[in-house]
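Q: Any chance you could fold what I've pasted below:
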Amino acid sequence: MLAFVAAEAREFKGLLGKVERVTRLNWPLDFARSGWLRDRAVLLVANGPGARLAGRAADVAKEYGKELDGLASVGFCGALSAALEPCDIFVATEIHFVAHALSVPLSHPSEHCKTGKLLSMDRVASTADEKAALYRETGAEAIEMEAAGLAIRAKAWSVPFYAIRVVTDTATESFPLDFNRLRDRAGRFSRTRILAAALRRPAVVPALLHLNQRCNTAANALGDFLADARF
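A: Below is the predicted model of the structure:
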């Protein structure tokens, strides 16, 4: 069984409609579904942002589900390279985190995706300046928050690992809010805190709505790619 792990259920928006025989699972996670994708059993699980919460999602999938034969880190990512545009599919060939680097097999050599090094860290790169600095320091083309926790487990479990992301923000874009300040004690993004921050600064609301719309479009693009990919 192949397990797709995302930070939030919304990242499965495009894929979920392509999965057959979807079953809701009563697991101790934010989101858990099983089903079939092109005659292959799959799990779709999400448990919040960051390596720790993603790792917990993978642990639960392994404990409660059938034996896993693959692990895929999927969802949104930010661009560090100017070559990446919104809704581009990015397939990692290398994961960079802390002082480690892991090579990752391509899930689907396709002309419809970009490939390269993916930076995985437990914070949002909020500004264009921060993204530029990370690009210079690491050489990574894109950044996200969960792949590190999953890559470690895939290696320990001796199963194939894939990191497939869709770009939601470009290298030259800054977020309207610092989402790192809007996480709860568990590390999840707090919708209550985000709403409160937006109410204190109404000028950021149009930018937040634009980001939300782009995320929806990106999730659909990711779902289309995953549905056609060969693992």
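Q: give me the low-pLDDT residue ranges for this protein?
A: 99-111 (pLDDT under 70).
Q: Mind checking which residue lies nearest the centre of this protein?
A: Nearest to the mean C-alpha position of the chain, by Cα atoms, centre = their mean, lies Gly75 at 2.9 Å.
Q: can you confirm that residue is in a strand?
A: Yes: if the criterion is DSSP: H, G, I helix; E, B strand; the rest coil, then Gly75 is within a strand.
Q: so Ala46 bridges to which residues?
A: Ala6, Phe31 (DSSP bridges).
Q: From Gly14, how far off is it?
A: 14 Å (Cβ to Cβ, to the nearest Å). C-beta: built from backbone N, CA, C; applies to glycine.
Q: Looking at the two, which is more packed in?
A: For Ala46 versus Gly14, neighbours defined as other Cβ atoms under 10 Å are more numerous around Ala46 (25 against 21).
Q: tell me the contacts of that one?
A: Shown in contact with Ala46 (Cβ atoms under 8 Å, 6 or more residues apart in numbering): Val5, Ala6, Ala7, Glu8, Ala9, Glu11, Phe12, Leu29, Asp30, Phe31, Ala32, Ala57.
Q: Of these, grab the buried ones for PyMOL.
A: The buried residues among those can be selected in PyMOL (16 or more other Cβ atoms under 10 Å) with this line:
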select buried, resi 5+6+7+8+9+11+12+29+30+31+32+57
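Q: Please report how far the residue of the chain most remote from its centre lies from Ala51.
A: What lies farthest from the middle of the chain is Arg200; by Cα atoms, centre = their mean that is 28.7 Å. From Arg200 across to Ala51, the span is 30 Å (Cβ to Cβ).
Q: Glu173 now?
A: Distance of Glu173 to Ala51, given as Cβ to Cβ: 24 Å.
Q: Glu85 now?
A: For Glu85, the distance to Ala51 - Cβ to Cβ - is 27 Å.
Q: now swap in Val91 and tell me
A: Taking Cβ to Cβ, one finds Val91 at 20 Å from Ala51.
Q: Pick out whichever of Glu173 and Ala51 has more residues nearby.
A: For the pair Glu173 and Ala51, the greater number of neighbours falls to Ala51 (23 against 17), based on other Cβ under 10 Å.
Q: List the beta-bridge partners for the residue nearest to the centre of the chain.
A: Residues in beta-bridge contact with Gly75 (DSSP bridges): Arg165.
Q: Surely it is in contact with Ala9?
A: No: Gly75 is beyond contact range of Ala9, at 10.3 Å (criterion: Cβ atoms under 8 Å).
Q: Counting by contacts, list what the helix with the most length in the chain packs against.
A: Ordering each helix of the chain by length in residues (DSSP state H) puts helix 205-228 first. Here helix 205-228 touches helix 13-16, strand 70-79, strand 89-97, strand 161-169, helix 191-200, going by 3 or more Cβ pairs under 8 Å, 6 or more residues apart in numbering; DSSP states H and E.
Q: Repeat the analysis, applying 6 Å as the threshold.
A: helix 13-16, strand 161-169 (3 or more Cβ pairs under 6 Å, 6 or more residues apart in numbering; DSSP states H and E).
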